[in-house]
Structures are given as structure tokens and as C-alpha cells.
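K.L.:
sequence below, structure please.
(chains A and B)
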Amino acid sequence: MKPAALPSRILAVSGLVLLVFAGASIGILYRAQTQLATQAMDSLLKNNAFALSSLINSQPNGTVGLEITPLALSDYQNAASGEFFRFIDPKTGKVYQESIGAPKIECPLHSAGSMTGEIESPAPYRIRSIFFQPEVEPEEARRQSFDRSWICLVVGASKEPYRVLVFQTLLSTIPVQIFLIVIAIAALLVLVRKLTADLSNLTRALKTTDFTATHKFPPLPEARTLEVQAVVEKLADLHRQAADVYQEMWHFLGRAAHQLKTPVAAISATLQVLVRKDRTKDELLLGLADLQTGVDLLATLSKKLIDTSRVPLKPPTELESIDLEEFFATQLKVYRARAEEGGVEIRLTGSPAASVKGSLTLMAEIFGNLIENAILYSEGKGPVEIAWRTEEGRVFISVSDRGPGIPASVKANLFRPFVRGDERRVAGSGLGLSSAFKATTLLGGDLRLVESGPGGSTLTVTLFVG
Amino acid sequence: MRILLVEDQTLIGKAVQRGLVEEAFAVDWATSLTDGLHLALEFDYDTIILDLMLPDGSGFELLSELRKKNYQTPVLILSARDALEDKSRGFNLGSDDYLVKPFAFEELLARVRALTRRKYGYLKQQVEVGGLTLDFAARTAQAGGIVLNLTSKEFALLELVVLRRTHILSREKIIEHLYAEDAEQESNVIDVFINKLRRKLEAAGIGPLIETVRGEGYVVR
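P.N.:
Here you go, the predicted structure:
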């Protein structure tokens, strides 16, 4: 279905409901009116039949007498209202008397009694028929004993005038109905607009948003309905989160660019000083070694920036069970050469069988960075020790070094990007721990600096038993 | 001229120090705020080159601390931070110049020299004294249209005594300005330098420019 504005849809649906109600009310009214008319007709026919039957009598000679004056007769043959009557001999079908223009309706009864019914031919009529033996008149004839004749009286009335009446009654109600519908729609219009005002305001505010152009979210309107208020609050919350992420990204970008400037500045300064004068071979070699150091720093930083960008934003959809002994055996192989270069040894100490819920990619990101950092900041004083223990469904995995410890000024922001130890001693990227922290969070775990002093540092990762 | 370089980045520090030393500056290199502050208060530097992000604090703190103590030596901030607010903050705290990394070494050199000259009240690039014309930027001394053949150390000595004209400079003071802290020198090395300089000046027809004040040191009147 094509989307339409909420007020229009509510109005359209309400209008339809109103029309159905109006139709139903007309139908009910029609039925009531028709029933009333039928009752009125039946009552009239009953009276007519009763009155007409009292005007006829039986005679001993087998004839029937009709004591009806032309004036009285006119009361029962009202052509305008379509009323009629017929006195019929049920044996012969002979018509004793009938009103002028009465339809040729045969007697529908064959024994004593009465009935009310309808016929459609030659025209719609409501009829009442009685099958009876008239009274005996006069007095002397009553005293004689004889077989009284049976008479069938059919009285009827055309339904047409009643139909016209019902129709006219219904017609007279239509202006009132239309008026009521218009009033109801107007009231609905006002009501719907009022009720959907919050939503309209919110839609308007959101439509005017051009985040790309302004980098700002619009102020959201105040809501009076609970549902819209909840949406506004959620949107405001999302706005805040998005703004934070956006700001964080720009901040990160700024800091990354700044960090890249440092080796670039170093390479540039070294190169400029190197080419200012004629150099001996030794001087050139020393200068080139410095340049290599700068390029290495730049390469490390670029690699770490790429690694950081690869850490996913969302937790993995499925976690796998990772056996720690197997995982760290691989890590040891990966980092053995690096450790030898750094003049330290990596040892697994205290490694009971345990597995964690994790993802190999994120685990490699976490422990790769922790092990690299430990090697880097050991400054040749080994060993780097990895140990774990299980407690209440959690596994605590610690990575310790024997380096000089983390400076106090750095501890508070240790897991923020580009925060690092003393650069005079070690050329770290400042991204390793922040990446490890992010990856740990994605696994629902925790990364903490447990201790750090002149004797070394220990960082502990807490993950769930898997 | 003696420079204090406060820079924690090893490569940058090394390059700047080497470049300045090759231009006959005496350079002391501090890699932390604490060391920088200590050296600045200990020795009479002609200019301080100050990085902002130091391992034990901000260069701004060092600058603020020095200016609070009415420390007059010019300070050039050399930082990768290029935001206007950083520059404003630096100048408001009393820095004399601000250079953003990466930088052209020649520009750094020119700015350091200009600051050093300004410290002694010389704004121009050239100065004339007793028939001798010193060009601080070109690092040359001329007499009668002839350029004197001076080593960079000799020019630095000449520059120092000319810039501090009328002030008697002791041998220790001259050593302090010409040699870095870690370059131990006997005070008689200055006498040797002065004598060599005097001979070159006389050969160029310049009269006795650098006077000896017995028991005190040397002065250019």
C-alpha cells in the first residue's frame, strides 16, 4: 500500500466507518418503518374484515344477504389507498360482492379460519382472508334450522402507499444524517490533527535535518504523547551517541594525523640536516640509520592504524569455544622471533586446561597487542609471562612483563588511543592497548591494568568460560 | 650561542642538535620537562627550543614556570600542534616564536638566530663595528670589502662579543655560550680562540677590536 500521511489515513478510515454506520442506521430505520407499516396494515385489514363480515347473513333458502349501504361500502373500497374486499362463495367461486376494481384474488382458505399474507401479483398487496358462516337474520329465520352457507372474505390493501411513506420518512432523515456526518468528520479532523500534532512536529523537524551540510542534529520538539515522547527521547539519545561517535572519529583522525606528523617531521629534519653539508661515509650511514628508524616508526604506526580500523564495531554474532593452551601455543610461535629480537623470553606459566567464549580474530587482536607491548616495554628484561586461572565462570588471563612500569601520568588514560609510555625509551604506536581494550569489550570481557611498578606491569583480560 | 633544546622525540632531537651544532651553536638537549626546567635555570641560554608534548608534562607548563620566574631568554615552541589555540596559548604564556612540525631546518635556524640577536637588542641582520661588518644570517665578517676566512666557532665567538658589546665577558661566560654542557673545556681554550681571531682581524686591517680586561675577560667597546 502506498504510504499516506497518518491524519489522512485516520480520516479516510473514520469516514468509511461513518458511512457504514450511516448505511446501517438507514437499513435499521427502513426495517423498523416497514414493520410498523405492516403492523398498521394488518390492523386495518383485521378491522375491515371484522366490520365487513358482520354485514353479511345467511338465509334459510340458502342465500346470503349483504346488508351494506353504498355509503358504508365506499369506506371499504378506497381506490386511492388501494383497499379492496371480495365476498366469495367457496363452493362455486361465485363472487357475491366485491369492491370496485378489486383484484381477482381467489379464496386462499378451504376451511374455517383466517390468515394474513401477501401477494405480489397483479400488484403487491397485503391481504387478510376469513372463511366463515355468517349470522342468521332476521329473528324468525334464526329459529329455523338449516345449513348455513360458508363465505370467504378477502380484504386487502396495496402496499405501495406504505412503501412511499416509508421511503419519504427515510428521505426526510438524510439531510440530518449528512449534517451529522459532516459535523463528525469536522470534529474528527480537529481531533486527529490535535492527536497527531506531536508526530507532525517531529516529522517536520526531521525533514529539515541536513546532517551532511550542517553536521548538526535539529532540536527535537517537545512531545505530549507518551509514544512520541519515547521516540523523541530515543532519537535524542541516538543523536547524542552518533554525535559522540562522530566527534570521537574526528578526534581520532586528528590524533592519528598528528601522530603521523611526528615521524614525518623526524625524517624531514634528519634528511635536511644530512644534506646541508658534505658528509663522510660514516656520517651518511649514521644519518641513513636514523632515517630508517623514522621510516620504521611510520610503518609501525600505519600498520597499527590499519589494524585499528579492522577491529569491528559490533560484537561477533557467534562466539566459538577457544582452547587457551592451543591458542597461546600459536601466539608463542608468532611472537617468538619478535621476543628474541627484544632479548626476552615468553613463558606460559600456570596454564590449566581452560577454554573461553571468543573469536579467534578478536583474541589475536587482544593478546597480539598485549604480548607485543610486553616485549616492547620489557627493554630486554624478561621474561614475559602469560598465565590464566578460572573462577566462577570466568577466565582471568594475565600478561606480565619485567619492564620499568607504566608512568603514573599515563595510567588513567591507558586504554585511550595514542596514549603510550615514555617515547624516549620505546617507540610504540600508542594504539595497541586501545585496540586490545576495544576487542575485549566486543567479547563482553574486561581488560585491566592489575599492577605496574619498577618491577614490571601485569594486564589481565577477563573472558567467559566457553 | 647556546641553545637549550627540550624535545623528547629522539630522532627529531638528534637531527636538530646535529644541525645546530654544525652551525656552531652549543646545544644542550633535555628530553623531559623536569630536565629542561633544571637546565634552563642552571645556565644562561641564548634561546630555548621547546616541544609541547613531553613525557612528564606539557611544554606550556615549563614556559609558564620560566616566565613566572621572570626568565627573559627567548623561547621558540617547536610542535606538531598547529591549532590556533595552541599558538595563541603559547604566545600568551610568553613564547617568542612558534614553528610547526614538520619544519624546514633553514627556517628554524633563521628564527633561532633572529631570536638570539633580538635578545641582545639587534634587530638587523648586519651590524658594523670598528670597520668590521658582521652578517649574522650569512655568517660572514667583512673588512674593506674582503670576507674574513673564519671558522664557524671563530665567527660564533666574534658574534658573541659583538652582540654583547660593552659587556665584559669572562672566559667562563664565553665557554658557557659556545659549548654545550657535556663538552668540558678548559678556560684557556678561549684565549687561544681570541688570539687566532685577533690575528685574522689584524691581517684584515682591523685595529684592536677585542680588548682584554685583565683578570676579568674580554670586551668590544
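K.L.:
so where's chain B shaky on pLDDT?
P.N.:
B:187 (pLDDT under 70).
K.L.:
check the stretch 151-300 of chain A too.
P.N.:
Across the stretch 151-300 of chain A (using pLDDT under 70), the flagged ranges come out as A:211, A:214-215.
K.L.:
tell me which parts of it are close to chain B?
P.N.:
A:258, A:261-270, A:272-273, A:276-277, A:290, A:293-294, A:297 (CB under 8 Å from any CB of the partner chain). In this view, the C-beta of every residue, glycine as well, is placed from N, C-alpha and C.
K.L.:
again, 10 Å this time
P.N.:
Contact residues, the stretch 151-300 of chain A versus chain B (CB under 10 Å from any CB of the partner chain): A:254, A:257-277, A:283, A:286-287, A:290-291, A:293-294, A:297.
K.L.:
can you verify residue B:48 is assigned to a helix?
P.N.:
No: Residue B:48 is assigned strand when assessed by DSSP: H, G, I helix; E, B strand; the rest coil, not a helix.
K.L.:
which pLDDT does the model give residue A:11?
P.N.:
The score at residue A:11 is 84. That number is its pLDDT.
K.L.:
tell me the contacts of it?
P.N.:
A:5, A:185, A:188, A:189, A:191, A:192, A:193 (CB atoms under 10 Å, 6 or more residues apart in numbering or on different chains).
K.L.:
can you list the residues you listed in CSV and add secondary structure?
P.N.:
Output for these, formatted as CSV (three-state DSSP):
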residue, secondary structure
A:5, coil
A:185, helix
A:188, helix
A:189, helix
A:191, helix
A:192, helix
A:193, helix
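K.L.:
can you tell me the SS state at residue B:182?
P.N.:
Of the three states, residue B:182 takes coil under three-state DSSP.
K.L.:
excluding its backbone neighbours, what's nearest it?
P.N.:
Nearest residue to residue B:182 in three dimensions, chain neighbours excluded: residue B:28, at 7.7 Å (CB to CB, 6 or more residues apart in numbering or on different chains).
K.L.:
one step back: now list the buried members of the residues of the stretch 151-300 of chain A next to chain B.
P.N.:
A:258-274, A:286-287, A:290-291, A:293-294, A:297 (16 or more other CB atoms under 10 Å in any protein chain shown).
K.L.:
out of those residues, which sit inside helices?
P.N.:
The helices, defined by DSSP state H, take in A:258-274, A:286-287, A:290-291, A:293-294, A:297 from those.
K.L.:
is it fair to say the residue nearest to residue B:182 lies in a strand?
P.N.:
Yes: under three-state DSSP, residue B:28 sits within a strand.
K.L.:
these two touch, right, it and residue B:46?
P.N.:
No: the criterion here is CB atoms under 10 Å, and residue B:28 misses it with residue B:46 at 11.4 Å.
K.L.:
now do the shared contacts for those two.
P.N.:
Shared contacts of residue B:28 and residue B:46, defined by CB under 10 Å, 6+ apart, comprise B:2, B:3, B:4.
K.L.:
look up phi and psi at the first one.
P.N.:
Right, residue B:2. Taking degrees, to the nearest 10, you get phi -110, psi 130 for the backbone angles of residue B:2.
K.L.:
show the contacting residues for the closest residue to it other than its chain neighbours.
P.N.:
Of all residues not flanking residue B:2 in the chain, residue B:26 sits nearest, at 4.3 Å (CB to CB, 6+ apart). Residues in contact with residue B:26 (CB under 10 Å, 6+ apart) are B:1-4, B:20, B:43, B:45-46, B:153, B:156, B:175-183, B:185.
K.L.:
likewise for residue A:271?
P.N.:
A:287, A:288, A:290, A:291, A:294, B:15, B:105.
K.L.:
quick one: the fifth one and residue A:260 touch, right?
P.N.:
No: with contact defined as CB under 10 Å, residue A:294 and residue A:260 do not form a contacting pair (11.5 Å).
K.L.:
which of the contacts of residue B:26 are buried, as a ChimeraX select command?
P.N.:
Of the contacts of residue B:26, the buried ones go into a single ChimeraX selection, burial set by 16+ other CB under 10 Å:
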select /B:1,2,3,4,20,43,45,46,153,156,175,176,177,178,179,180,181,185
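K.L.:
from the contacts of residue B:26, which land in strands?
P.N.:
Among those, DSSP state E puts B:2, B:3, B:4 in strands.
K.L.:
if the second one is in a bridge, with which residues?
P.N.:
It stands for residue B:3. Beta-bridge pairing for residue B:3 (DSSP bridges): residue B:27, residue B:47.
K.L.:
list the contacts of the residue sitting furthest away from the middle of chain A.
P.N.:
Most distant residue from the mean C-alpha position of chain A: residue A:140, 93.7 Å away (CA atoms, centre = their mean). Shown in contact with residue A:140 (CB under 10 Å, 6+ apart): residue A:60.
K.L.:
helix or strand: which one has it?
P.N.:
Element membership for residue A:140 (DSSP states H and E) is helix A:139-143.
K.L.:
what pairs with the following helix or strand past that helix, parallel or antiparallel?
P.N.:
Counting by DSSP H and E, the next helix or strand C-terminal to helix A:139-143 is strand A:151-158. Partner strands and pairing direction for strand A:151-158 (DSSP bridges) are strand A:84-88 (antiparallel), strand A:125-132 (antiparallel).
K.L.:
return the most buried member of those.
P.N.:
Most buried of the strands paired with strand A:151-158, by mean neighbour count (mean count of other CB atoms under 10 Å in any protein chain shown): strand A:84-88, with a mean of 23.
K.L.:
what strand or helix carries residue B:111?
P.N.:
Counting by DSSP H and E, residue B:111 is found in helix B:105-119.
K.L.:
quick one: list the elements packing against that helix.
P.N.:
helix A:226-276, strand B:2-6, helix B:10-22, strand B:47-50, strand B:75-79, strand B:97-100, helix B:152-163 (3 or more CB pairs under 10 Å, 6 or more residues apart in numbering or on different chains; DSSP states H and E).
K.L.:
skipping its backbone neighbours, what lies nearest residue A:409 in space?
P.N.:
residue B:56 (6.6 Å).
K.L.:
and that neighbour, what is it in contact with?
P.N.:
Contacts of residue B:56 by CB under 10 Å, 6+ apart are A:407, A:408, A:409, A:422, B:8, B:31, B:32, B:33, B:34, B:35, B:36, B:62.
K.L.:
just the buried ones from those residues?
P.N.:
Members of those classed as buried by 16+ other CB under 10 Å are A:422, B:8, B:31, B:32, B:33, B:35, B:36, B:62.
K.L.:
wait, isn't the fourth one in contact with residue B:57?
P.N.:
Pointing back at residue B:32 there. Yes: the pair residue B:32 / residue B:57 is scored as a contact, 8.2 Å apart, by CB under 10 Å.
K.L.:
from residue A:463, how far out is residue A:416?
P.N.:
To residue A:463, residue A:416 is 22 Å away according to CB to CB, to the nearest Å.
K.L.:
and residue B:8, by the same measure?
P.N.:
Residue B:8 is 36 Å from residue A:463, by CB to CB.
K.L.:
still on that earlier bit, what strands line up against the helix or strand just after the helix holding residue B:111, and which way round?
P.N.:
Next along the chain after helix B:105-119, taking DSSP H and E as the criterion, comes strand B:126-129. Sheet partners assigned to strand B:126-129 using DSSP bridges are listed as strand B:132-135 (antiparallel).
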